[in-house]
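Trainee: Predicted structure and sequence below. I'll ask about it afterward.
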Amino acid sequence: MSAFIGDWHALAVLFVAGVIPNQIWRMLGLWFGGGIDEGSELLVWVRAVATAILAGVIAQIVVQPPGALASVPDVLRYGAVVAGFIVFMLTRRSIFAGVVTGELFMLAGKWWLG
Amino acid sequence: MALPPLDSSEWHSSFRAFAWGLRSITQTILTIVLFVTYLGIGALAHDTHFSLAWALASTLFVWAGPAQIILITTLGSGATLIQSAIAVTVSAIRLFPMVVSVLPLMRTPTTKRRELIFAAHLTAVTLWVECHRFLPQVPRERRIAFVHGLGCGLVSVCLTANTVGYFLAANLTQTLGAAILLLTPLSFLFSTARNSREIADIVALVLGLVLYPLAAKMNSGLDILVSGVVAGTIAYGVHFWREARA
């Protein structure tokens, strides 16, 4: 078993839990695309739940960080997100400026704390 | 680089149209955002102990950033197959209206459904945005080829980014490794905030961020679904209430 492939079980999990549940919606769109109203109330709810799930995952990475990110103190992780968000808003929603600010905040804080 | 005029001979071959699509990835800031995002996904896959082949296969076959980080994060924190599958499928429902709205831009009266399968697979938020921008400048009968080129270009950028991110996470110092991992929450937070125009989307984003840490205290294994459904439903309620009053 090579390091590149990893184990086959994980790849099977990828297809069952990732590829199929994701791809099914594209194929449904392809087959039944004609009569759906993009502004329908059901889709507004679905989009809100999907956004909230993604927001939850973002929070999870920051609150319960994986791997190397766990070495960064809580206050720096939260501070990086807040600083990035402030600059994001000030730059009329520039994703790039927000990401760079958050990263610099975290790196500067790490350097300053030693 | 500007696309050739609609009546140019550049558009006579599908191969040329594919090449123009491929080259169009240099014409958008979203390519850089995608690169950064997939750099983070590669690093996240490494630090949650997935193989590089797994990360690349997820990019090739899932091709949706949110679904990929939901899958990696939930599986990495011990969720069951069915819990991860539910979280992924809910995040993917948004692909349905995207596919429905983007495919008519490429369809001609003689287009067969199977000719659109690959374009449907490539459809994700970036491609959806770019199609609305580029396709009016492409003759209708060459649009599928153009989208194939654009999509293949974006997928290649992301596969490269995954590989670079994976190796950076494996070899960098702890601090720089942490910086790469931080790219994922930052880029997703800001790109989602940027796409949130309706009140329901904004409330869902804010409540989703706030409710997850609370839901995580229950430690039910379904935390992400609980906080997502609760926050999303409240957000929908706010939208409904405002519509009803208006």
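Mentor: Right, received. Where do you want to start?
Trainee: Can you get me a residue count around the residue lying closest to B:Leu172 once chain neighbours are set aside?
Mentor: Leaving aside its chain neighbours, B:Leu172 sits nearest to B:Ile180 (7.0 Å; criterion: Cβ to Cβ, 6 or more residues apart in numbering or on different chains). In this view, the C-beta of every residue, glycine as well, is placed from N, C-alpha and C. B:Ile180 has 26 neighbours, counted by other Cβ atoms under 10 Å in any protein chain shown.
Trainee: where does chain A have low pLDDT?
Mentor: By pLDDT under 70, the low-scoring segments of chain A are A:1, A:33-39.
Trainee: can you list the domains in it?
Mentor: A:1-36, A:38-67, A:72-114 (automatic domain parsing).
Trainee: Beyond the strand or helix carrying A:Phe88, next helix or strand please.
Mentor: In this assignment (DSSP states H and E), A:Phe88 forms part of helix A:74-90. With elements assigned by DSSP H and E, the helix or strand that comes after helix A:74-90 is helix A:95-113.
Trainee: List the buried residues in that following helix.
Mentor: A:Ile95, A:Ala97, A:Gly98, A:Val99, A:Thr101, A:Gly102, A:Glu103, A:Phe105, A:Met106, A:Leu107, A:Gly109, A:Lys110 (16 or more other Cβ atoms under 10 Å in any protein chain shown).
Trainee: I'd guessed the first one sits against B:Arg194; true?
Mentor: So that's A:Ile95. Yes. Applying Cβ atoms under 8 Å as the test, A:Ile95 and B:Arg194 come out as touching, 6.1 Å apart.
Trainee: Looking at the buried residues of helix A:95-113, which two lie furthest apart in space?
Mentor: Checked with Cβ to Cβ, the buried residues of helix A:95-113 reach their widest spread between A:Ile95 and A:Lys110, with 22.9 Å between them.
Trainee: got the buried residues of helix A:95-113 as JSON lines, with distance to A:Gln60 columns?
Mentor: Shown next, in JSON lines, are these (distance: Cβ to Cβ, whole Å):
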{"residue": "A:Ile95", "distance to A:Gln60": "21"}
{"residue": "A:Ala97", "distance to A:Gln60": "25"}
{"residue": "A:Gly98", "distance to A:Gln60": "20"}
{"residue": "A:Val99", "distance to A:Gln60": "19"}
{"residue": "A:Thr101", "distance to A:Gln60": "22"}
{"residue": "A:Gly102", "distance to A:Gln60": "17"}
{"residue": "A:Glu103", "distance to A:Gln60": "19"}
{"residue": "A:Phe105", "distance to A:Gln60": "20"}
{"residue": "A:Met106", "distance to A:Gln60": "18"}
{"residue": "A:Leu107", "distance to A:Gln60": "22"}
{"residue": "A:Gly109", "distance to A:Gln60": "21"}
{"residue": "A:Lys110", "distance to A:Gln60": "22"}
